[in-house]
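# can you look at this prediction? I've put the sequence above it.
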Number of protein chains: 6
Amino acid sequence: MRHDQRQHNELRPVTITPDFVKHPEGSVLIEFGDTKVICNASIEDRVPPFMRGQGKGWITAEYAMLPRATEQRNIRESSKGKVSGRTMEIQRLIGRALRSVVDLNQIGERTVWVDCDVIQADGGTRTASITGAFVAVVLAFDKLLQAKTIKKMPVTDFLAAISVGIASNGTELLDLNYQEDSEASVDMNVVMTGAGEFIEIQGTGEEATFTINQLQTMLDLADVGMRQLNATQKSILGKLADQVGETKKAKEDTP
Amino acid sequence: MRHDQRQHNELRPVTITPDFVKHPEGSVLIEFGDTKVICNASIEDRVPPFMRGQGKGWITAEYAMLPRATEQRNIRESSKGKVSGRTMEIQRLIGRALRSVVDLNQIGERTVWVDCDVIQADGGTRTASITGAFVAVVLAFDKLLQAKTIKKMPVTDFLAAISVGIASNGTELLDLNYQEDSEASVDMNVVMTGAGEFIEIQGTGEEATFTINQLQTMLDLADVGMRQLNATQKSILGKLADQVGETKKAKEDTP
Amino acid sequence: MRHDQRQHNELRPVTITPDFVKHPEGSVLIEFGDTKVICNASIEDRVPPFMRGQGKGWITAEYAMLPRATEQRNIRESSKGKVSGRTMEIQRLIGRALRSVVDLNQIGERTVWVDCDVIQADGGTRTASITGAFVAVVLAFDKLLQAKTIKKMPVTDFLAAISVGIASNGTELLDLNYQEDSEASVDMNVVMTGAGEFIEIQGTGEEATFTINQLQTMLDLADVGMRQLNATQKSILGKLADQVGETKKAKEDTP
Amino acid sequence: MRHDQRQHNELRPVTITPDFVKHPEGSVLIEFGDTKVICNASIEDRVPPFMRGQGKGWITAEYAMLPRATEQRNIRESSKGKVSGRTMEIQRLIGRALRSVVDLNQIGERTVWVDCDVIQADGGTRTASITGAFVAVVLAFDKLLQAKTIKKMPVTDFLAAISVGIASNGTELLDLNYQEDSEASVDMNVVMTGAGEFIEIQGTGEEATFTINQLQTMLDLADVGMRQLNATQKSILGKLADQVGETKKAKEDTP
Amino acid sequence: MRHDQRQHNELRPVTITPDFVKHPEGSVLIEFGDTKVICNASIEDRVPPFMRGQGKGWITAEYAMLPRATEQRNIRESSKGKVSGRTMEIQRLIGRALRSVVDLNQIGERTVWVDCDVIQADGGTRTASITGAFVAVVLAFDKLLQAKTIKKMPVTDFLAAISVGIASNGTELLDLNYQEDSEASVDMNVVMTGAGEFIEIQGTGEEATFTINQLQTMLDLADVGMRQLNATQKSILGKLADQVGETKKAKEDTP
Amino acid sequence: MRHDQRQHNELRPVTITPDFVKHPEGSVLIEFGDTKVICNASIEDRVPPFMRGQGKGWITAEYAMLPRATEQRNIRESSKGKVSGRTMEIQRLIGRALRSVVDLNQIGERTVWVDCDVIQADGGTRTASITGAFVAVVLAFDKLLQAKTIKKMPVTDFLAAISVGIASNGTELLDLNYQEDSEASVDMNVVMTGAGEFIEIQGTGEEATFTINQLQTMLDLADVGMRQLNATQKSILGKLADQVGETKKAKEDTP
C-alpha cells in the first residue's frame, strides 16, 4: 500500500480541463493528483531560422514552475537570468515527444509553441506536461482546420507520458508522487504512442542500479498507465479523437 | 455605454478564490473580469542583507505573465535572460504598496515573498495583483498567528488598487479592460487604504495631458471602486478582517 | 526653514548650460542645486523595429549615474551586467514625458536618443533630467531644421518636471534635495506642460499615506516650480522658444 | 556492412591515454574512433553549499567542445554567455553516472570536478566522456590514497557508457559514429556497471518510435560493447582495477 | 604641420580641474584638447576577497564613455549587459599603472576605486585617464592623511601617460587626437614615472610594422610629453606634490 | 642558471604538430615546453557586418583554457557567463597580430576564425598561441589555394611571438615559464615579423619599472628567440614556407 492508499499499478486521479485560458489556440489544465499544469499551445506563422524555406513546420516547448508551485519557494529563472539544466532537459523532452506524432509537413511554415506552466507540483510534472500538451496541440490544430488554414489533422497518433520507478523497498511503482519520487532508487519516464510503441525512455538510478527484469516490470506498468491516459485524452477530445492518426493511415494507404 | 455594457463608474465582476494553490502560506486567485492572477505569499525566515540585524521584516514582490496570458504570445523573461522595465516597475509598486500597510516591526526578521502570476490578462493586471496580494498576505500572516510565531496581525489597514482613465472621447472610466486601456488617452493607477487615503498615484498621459479637474474626477471614481474592492476582500477574509488595523489602533492608543 | 535655508515653496538655484558636449545634436548640463546632469540628445536616422514603415519617429531615453555621483560609490550597471529596476523606471518616465510634447509624425522615421547622465546627485535627478532633456531635444531639432531635414519645430509645448513631497513634520515641500527626500514621508514627481496640464503624476507614500488635501497642496507647489523652470528654459532657448508649440497651433488652426 | 566497414555489433577502436595533462589529479585522453575527449578529474577540498556539514563528498561534471571539434565551427558557449540545453543535459548525465559508482561517504567533504572537453567529435561524445571520466576519477582517487587522504578506493564498481541505435534501414547498431547518428531513427545511450546492471537508459526516437523487441536487441548490443569497454579500462588501470568494488564488498560483508 | 597646427612634438593644451565632483575622496576633470575625462577616486574600507588578511591595500579602475562622448552614439555597456574587450583592456591598464606607484602596504586593507568616465572623446582617452587618475588618487590619499587614517603619502613617484605614433606619411607624432589616431600606422601608449622609467609600453602596428629606430624616436617623444604632464600635475597638487616619493626615499634610506 | 637549467637567452623546446585535429582547415598543436596549445584556423564564407561590401576579408581570434590547464582548476567562462578581461586582451592581441601579416584584400569576403585552446599551461600561452596560429592560418590558406578559391598565398611575412622579462634579481630572460613569470618584475610580450620588425610590444612592470637600457636588452633577447621560432615554423611548413611573403614582393614590384 502506498502513502496515498494507491495500488502499485494505480494512477492518481487524472483530469483535463479544456479551454482553460482564453487567448491560446489550444489550452488545457491537466491534473495528476495534486500536480497541476497549464498547457497552452500557440500557433505562430513562421518557423525558426534553421527551418526556413523547407515548407514544413516546427514544434517547440517551454516549461516553467511558478515559484511557489513547490513546498519551498524557488527563485524565478527570470530573476536568475538563466534557465536551469533541469528546465532545459524537460522542455527539450516535451518538444521531441510532440514532434514525433505530428506530421510537420502538413502544417506549413508554422511554429507551435507549447507552454507548460506548473502551478502546483507533486511529482510527475514532466509527464503531466506531455500528456496535457498533446491535447492542447490537437485543440490548436483544430482551430487551424476550422479556419481552413490546414486541410487535415496532422497528428499521426496519440501520445502520453507516465513515470514509473522502484521504491526503496524494491517495489516497482506507477505514477510516483513527490514523496515517492524523493525516496525512489530508480526513476523512469516513459513516453509512448497510442499504438503502444516507445518514443522516449529515460531511466535513471541515482546512487542505484536496475536489472533487465526490473526494467521489464517498469515498462509493463507504464503500458497500463498509458492506456488510461489515452482514454482520458479521448474522452476530452470527443469527435476530434477520431481525426488523430488519419494522416498516418492516409500515408500508409498511398500505393 | 462601454464595450462590455458597463457604466463608466462600474467595476468588472471581481472574485477572489482563497487557498488556490496548496503550498504557499497564503494563496488566492483573483479575477477582475477576464483578468486572472494567482497571488501567492510565502514566508521566509530571514531578510535581505541590507535589512539584517534591525529586528524587522521585509516584503518584496515578483510579477510575471504566462507567455500566453495575452492575445499575442510573449517571450518568457527567463528565455530573454532579463526582466523588462515594465515588470520591474510593477513589482516595485506591489512591494511598496504592501509594505505601507504592514508593521514590519511586528514580523521579526522575516521576508514575505509575494508572487503575482498573471495567467490571463485583460487590463488591470497590476491593480488586481495588489488587491489579491493583500488578501494572500493576510492569510499568510494568519498562518504565523496560528503557529504563534507572531502575536498580532501586523496589517494596519486594508489595501486595494484600481485603474481609472480617460477614454479618447473624454469620458473618465473606472477599471479599464485591455481594449479600453489601449484606446485611453490617460491611464492612472490608484492604490488606497481602507481609510480612504492614498498610498500611490501613478497617472500617465502618453501623447496626451490632463487637467486638475480631470484628475479630481478620476480620483473620485477610484474611491468608488475602492469601497467595493474592500468589501469583497472583507467577505473573503471573514473574521480575519476584524484583525486588520488592530496593530494601528493599539499603537495609537499607547499614551 | 529648510536645511539649506530655502522656503518650503522655493526651488534650488537652477542653471542650464547649453552645448556642454560637442558631438551630440543637442547637449546641456542642467543643475538643480548640487544635482548635475548631462543631457544629450542624439538623432539616429531609423526607428526601432516595432515602429518601421509608419512614417513617424520615436524618442527613447537612457539614464545612468556615474558610480561616484552619490555619497557612497555605486557599482556600475555595466559591471553588474544588468540595469536596475529604478533605472528602468526613470528612463521609461523620461521617454514618455518627451514623447508627449513632440509630434512624432513631423520627424520622419528617426529616433531621438536622450541620454541623461548624472555626474553629481543630490535629489531630484529624474526631474532635472526631464527638464534638461527637453532643452537638449529642442536644440537637436533645431539642427535638423537648420539642415532642412525637417520643416518645423515638432515640439508642441514646453515640458518640465519637479519633485514635491511631505516632510516628516507634515510640511509640504517643493524640490526636495537628497536629505529631505530620505526623510520625507511622501514623495511625488510631477511632469507638466507649459500650458499647466499634467503629463505624469507619480506620488508614493513609502510606509505612509496622504490625503486628497495634501495632494492638492503638493500640486499647487509643483505649479509654482514649473513656471520658474519654464522661464529658465525659455531664457536659454532664446528665439528658439518661440517655435515651441507652433506645430500645435498649426494643427488646431486647420479647419 | 557499415560506412566504416564495421559489423553492426562492433565498436570503433577504443584507446585510453592516461596522464594526458599534467596538472589534474586524474587525466586521460579517450578515443572512440575519431571522437577524442580529454577527461580531467580535479579534487577540491570542499563541497557545494547544499552538501555542507553532511561529512560526504560530491561529484560534478562539465562538458564542452572546442569550437572546431565539429565539421562546422560552433560558437563558444563563453561567447554566447550561456550554456546550451544539450550541454547541460550531458553534464548532468555524466555527473549522475559517476556518482552512482562512488561511495560519497568515503571521500569526506570533497568535490570531484570532472571536465570532459571534446577536441574532436565524430559521434558518441557523451559515452566516450563517461567511459574516460571513470578512469580519470579512479586515477584521481589513487592520488588521494597515496597521500593517505582517504583509506580505500571509494569506487564500488566499473562504469562505462555506449550508444546504440536503429539505422534507417531498421538494423540495430552498436557505437554509432556521427554519420550513422544523423541518419538513425532511434538513438539510445546506455550506462552500465561492470556487474551488468543499468545506471541510465536514454532512448529517443526523434520522428520515429521503437518496440519492446527493438529495445531488447539494442540493450543486448550495449551489453556486448560494455564488456569490451570494461576490459580496456581494466588494462589501463592495471593493479588499480583490483581496488574497484572493494568498498562494496566490504559493505556487503559487514554482518 | 598637423591638422590642428601643432608641431609633431607638441601636446594639446592640458588642463586639470581639481575637486570637480563633490562626493569622491579625490576628483578631477582632465582635458587633453577636446578629450575630457572625469577621474574620481573613492576609498573603500576593505579589499577584494583574494587580498584579504594580507594587511595591504588594492587599487582597481573602471573606465567608461558616455554614449555620446563620440561622434557616433555608442550603445551603453549596461544595456548590452557586458563590458567590451577594449574597456577591459583600458581599465586593467589604468589599475596596473596606478598600483606601480603606490606602496600598497601603507594603506592598510583598503581599496581605491578609480572611475574614469569620458564625457567627450577626441583620442588619448586612456592616457588622459591615467594622468588625471594619478592626481585624483593623490587627492584621495590626502583626505586619509588629514583624517590621520594613514601616516604618510603612500605614492612613491609621479605617473603620467601619453600616446605616440607614426603617421601614414612616416612622421612620428606626440599625443594623437582622434583623426590622427584613425590614420596612424602605429599607435603606442607609454606610461612613465616622474623618474623617467617605464611602467608600461603598448605599441601596436595594425596592418603595419615598426623598426627599432622608430621605436626609439617614439619613446623620445613620449619623454618630452611626460615632463610637461608631470609639471601640470605638480602645479595642481601644489604642496602635496612634495609628499610624492617620500615613501620611496624613506625606504631607500633604511640601512 | 634558471630553474629548468636553461641559459637566460634560451627558449624551451618548441614543437609544432600539424593537422592535429581533423575538421579545421588548418590545425596545429604547439608546445613551448610544458605549455600546449591547440591552434585551429577555420574559414567562414562571410565577414562580420561592419566589413560587408568592401570585398575584403577579416581575421578574428578566440582564446580559452581548459579548466584544468592550470595548477588550480579555473571556473569555465561559459559557466560564469562572461569572458574575462585577460581573455579578451589576449584574443584581441592574437587577431591584430595575424591581420598585420595577411593581405585581407586577397581573401575575399571571408573570415578566418582562429581558436587557440590551451590544454596545458606553463607560461607563455599567448606567445605560443600566436606562433602556432600563424602556422594554422598558412595551412588553412593552402586549403583555399588547392581548392583554387584564392590565387596566391595572402600571407605577407612570417610572424611569431615570444615573452621576455626581468627576473627579480635583475637578469633579463627569454621565454619565461610560469614560475619565472610569477616572480618577474617586468613582463614583456613581443610580436615580430620574419623581417625583424615589430608588430606589437607590450611591456608591463607590475609594481616595478624598467629603463630604456633594460628595454633594449629585452628586445635583443626577443630577436634571438624569434629567429628560432621562424626556423621551426619553416621546417613544419616545408614548401609552403616559400609562398609566404610573395604577395608583398609582388606588390612592391608593381611599378
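That came through, no problem.

# need the helices for the stretch 51-200 of chain A, in chain order.
Ranges of helices in the stretch 51-200 of chain A, per DSSP state H, counting those that start in this stretch, are A:77-80, A:85-99, A:125-146, A:178-183.

# looking at those helices, which is buried most?
Among the helices of the stretch 51-200 of chain A, the stretch with the highest mean neighbour count (mean count of other CB atoms under 10 Å in any protein chain shown) is helix A:125-146, at a mean of 25. Placement of C-beta: from N, CA and C, glycine included.

# dump that one to PDB, keeping only the CA atoms.
The C-alpha trace of helix A:125-146 is given here as PDB (Å, rounded to 0.1, in the frame of the first residue of the first chain):
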ATOM      1  CA  THR A 125       5.300  17.400 -13.700                       C
ATOM      2  CA  ARG A 126       7.000  16.500 -17.000                       C
ATOM      3  CA  THR A 127       4.800  13.500 -17.700                       C
ATOM      4  CA  ALA A 128       1.600  15.500 -16.900                       C
ATOM      5  CA  SER A 129       3.000  18.300 -19.200                       C
ATOM      6  CA  ILE A 130       3.500  15.900 -22.200                       C
ATOM      7  CA  THR A 131       0.100  14.300 -21.700                       C
ATOM      8  CA  GLY A 132      -1.700  17.700 -21.400                       C
ATOM      9  CA  ALA A 133       0.300  19.300 -24.100                       C
ATOM     10  CA  PHE A 134      -0.800  16.600 -26.500                       C
ATOM     11  CA  VAL A 135      -4.400  17.700 -26.000                       C
ATOM     12  CA  ALA A 136      -3.600  21.400 -26.300                       C
ATOM     13  CA  VAL A 137      -1.900  20.800 -29.600                       C
ATOM     14  CA  VAL A 138      -4.800  18.800 -31.000                       C
ATOM     15  CA  LEU A 139      -7.100  21.700 -30.000                       C
ATOM     16  CA  ALA A 140      -4.900  24.200 -31.600                       C
ATOM     17  CA  PHE A 141      -4.700  22.300 -34.900                       C
ATOM     18  CA  ASP A 142      -8.500  22.100 -34.800                       C
ATOM     19  CA  LYS A 143      -8.600  25.900 -34.800                       C
ATOM     20  CA  LEU A 144      -6.400  25.800 -38.000                       C
ATOM     21  CA  LEU A 145      -8.700  23.200 -39.500                       C
ATOM     22  CA  GLN A 146     -11.800  25.200 -38.800                       C
END
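
# where does the prediction get shaky in chain A?
A:251, A:254-255 (pLDDT under 70).

# could you pull out the buried residues of the longest helix along it?
Ranked by residue count and defined by DSSP state H, the top helix of chain A is helix A:212-237. By 16 or more other CB atoms under 10 Å in any protein chain shown, the buried positions in helix A:212-237 come out as A:214-215, A:217-219, A:221-223, A:225-226, A:228-230, A:232-234, A:236-237.

# for A:Gln243, find the nearest of the helices of the stretch 51-200 of chain A.
Of all the helices of the stretch 51-200 of chain A, helix A:125-146 sits nearest to A:Gln243, with 8.0 Å by CB to CB.

# follow-up on the earlier one: any idea which of the helices of the stretch 51-200 of chain A gets closest to E:Glu31?
Across the helices of the stretch 51-200 of chain A, E:Glu31 has its closest neighbour in helix A:77-80 (42.8 Å, CB to CB).

# chain center to the closest one: distance?
Computed by CA atoms, centre = their mean, to the nearest Å, the chain-centroid distance of helix A:77-80 equals 24 Å.

# which other residues reach it?
Helix A:77-80 is contacted from outside by A:64, A:83-84, A:87, B:62, B:64, B:76-78, B:80, B:82-83, B:87, using CB atoms under 8 Å, 6 or more residues apart in numbering or on different chains.

# I'd like those as CSV, with distance to B:Asp253 appended.
Output for those, formatted as CSV (distance: CB to CB, whole Å):
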residue, distance to B:Asp253
A:Ala64, 48
A:Val83, 52
A:Ser84, 51
A:Thr87, 52
B:Glu62, 36
B:Ala64, 41
B:Arg76, 50
B:Glu77, 46
B:Ser78, 48
B:Lys80, 51
B:Lys82, 48
B:Val83, 43
B:Thr87, 41
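
# so which residues on the stretch 51-200 of chain A come close to chain B?
A:62, A:64, A:66-71, A:73, A:76-83, A:87, A:113, A:115, A:117, A:119-120 (CB under 8 Å from any CB of the partner chain).

# can you select the buried ones among these for me in ChimeraX?
Buried residues among those (16+ other CB under 10 Å), as a ChimeraX selection:
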select /A:62,64,66,67,68,69,70,73,76,77,78,81,82,83,87,113,115,117,119,120
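
# from the residues of the stretch 51-200 of chain A next to chain B, which land in strands?
A:62, A:64, A:113, A:115, A:117, A:119-120 (DSSP state E).
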